[in-house]
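Participant: sequence isn't available, so here's the structure alone:
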Ligand code: NAD
Ligand code: MG
Ligand code: MG
Ligand code: MG
Ligand code: MG
Ligand code: MG
């Protein structure tokens with residue numbers, strides 16, 4: 001079983017006595033910065049000169065500096081910019097300006113685990129990763145609650161890295177919910193595997209395969225959309241709140257019997273082998289290498305795939321059907 005820490009295990013003074021530079025003021029950044037400040041921690045925001053987040057951080061009452069200036073003044077440097085820019089920022093804006101004993105902190109392990117950020121050996125390096133989006137991390141904290149966090153230590157130069165990380169996690173509200181011990185490897189590999197095999201890759205292909213099967217058989221796309229996409233939310237909400245048993249308790253007996261007969265025929269041995277293959281590519285660094293190279297050459301494959309995905313008929317039918325759902329704040333992704 002996992003090791004779980006709570007507020008009672010943390011010594012907040014360890015983070016209150018340190019100045020934290022929060023680099024990035026997006027989903028996670030705004031939540032970490034505000035929760036830390038409310039816990040009595042001295043916080044400075046580091047952003048590049050042209051960042052659109054500058055105005056927001058200033059409006060929220062923070063001191064906003066360039067990344068270099070923020071780093072030069074900080075005892076803990078938390079990386080909350082997109083993962084694919086962290087290596088460059090570390091090399092050019094962080095490493096040369098780091099105070100002697102400053103610790104490096106991350107909310108995701110990718111750059112450290114795959115060697116994109118190579119921290120000096122005499123630094124503490126830890127992770128505090130909330131298991132929820134920033135707006136929830138902020139809202140729960142303001143309500144006196146918290147979002148569970150992961151904590152991991154990559155380098156413990158001071159002998160206090162875990163304790164400082166735990167104090168940080170507690171200061172953003174994680175200790176109210178529970179802080180689970182993990183490693184950079186486990187957090188990174190499971191995160192990548194989950195989004196590929198299940199959450200993003202697996203789910204979208206499953207939806208498309210179901211939709212295409214119905215439409216190819218002559219059923220109307222509108223009806224296929226409801227059955228294979230729209231209703232997924234109801235099912236996921238039930239699973240989220242009470243597991244498979246609550247979902248199966250809640251749906252009709254016909255749906256339950258169909259679920260048990262058919263699911264394993266769709267997600268079969270072949271699918272499980274494909275998942276093992278994905279996991280191997282995550283573990284041996286092939287996926288990371290592929291993604292880093294894709295970024296270096298301007299994302300040509302990603303752009304082509306995104307164009308094709310955008311043109312799938314399920315997107316057009318969905319867009320028009322969502323206008324019939326007045327309870328929903330329908331969203332549209334910007335062009336990219
Ligand atoms: P985001 O895209 O919401 O925000 C990124 C911020 O970084 C913006 O303020 C942007 O202006 C700033 N930024 C961009 N380039 C920069 C640069 N060169 N220098 C300085 N700042 C720059 O990002 P996010 O979703 O909050 O993710 C931040 C980190 O948190 C990532 O490591 C991510 O994996 C991790 N994380 C995210 C979530 C989540 O739910 N979003 C959850 C857990 C962990
Ligand atoms: Mg994840
Ligand atoms: Mg991820
Ligand atoms: Mg993530
Ligand atoms: Mg139905
Ligand atoms: Mg039914």
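Facilitator: Yep, that arrived. If you're wondering where the values come from, they're calculated on a predicted model, not measured in any experiment. Ligands and ions are numbered 1, 2, ... in the order given.

Participant: which residue ranges of the protein form strands?
Facilitator: 4-5, 19-23, 42-46, 64-65, 76-79, 103-106, 125-130, 149-155, 179-181 (DSSP state E).

Participant: ok, residue 268 to ligand 3 distance?
Facilitator: 27 Å (Cβ to the ion, to the nearest Å). (C-beta placed from N, C-alpha, C; glycine too.)

Participant: count the residues that sit near that residue.
Facilitator: Residues contacting residue 268 under the criterion other Cβ atoms under 10 Å number 10.

Participant: got JSON lines for the strands of the chain, with distance to residue 330, mean neighbour count and mean pLDDT too?
Facilitator: Formatted as JSON lines, the strands of the chain follow (distance: least, Cβ to Cβ, whole Å; neighbours: other Cβ atoms under 10 Å; pLDDT from 0 to 100):
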{"stretch": "strand 4-5", "distance to residue 330": "39", "mean neighbour count": "16", "mean pLDDT": "98"}
{"stretch": "strand 19-23", "distance to residue 330": "32", "mean neighbour count": "25", "mean pLDDT": "98"}
{"stretch": "strand 42-46", "distance to residue 330": "32", "mean neighbour count": "24", "mean pLDDT": "98"}
{"stretch": "strand 64-65", "distance to residue 330": "34", "mean neighbour count": "18", "mean pLDDT": "98"}
{"stretch": "strand 76-79", "distance to residue 330": "33", "mean neighbour count": "26", "mean pLDDT": "98"}
{"stretch": "strand 103-106", "distance to residue 330": "34", "mean neighbour count": "26", "mean pLDDT": "98"}
{"stretch": "strand 125-130", "distance to residue 330": "28", "mean neighbour count": "25", "mean pLDDT": "98"}
{"stretch": "strand 149-155", "distance to residue 330": "32", "mean neighbour count": "22", "mean pLDDT": "98"}
{"stretch": "strand 179-181", "distance to residue 330": "35", "mean neighbour count": "21", "mean pLDDT": "98"}
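
Participant: measure the closest residue to residue 288 other than its chain neighbours to ligand 1 for me?
Facilitator: Spatial nearest neighbour of residue 288, chain neighbours left out: residue 114 (4.2 Å); criterion: Cβ to Cβ, 6 or more residues apart in numbering. From residue 114 across to ligand 1, the span is 13 Å (Cβ to the nearest ligand atom, to the nearest Å).
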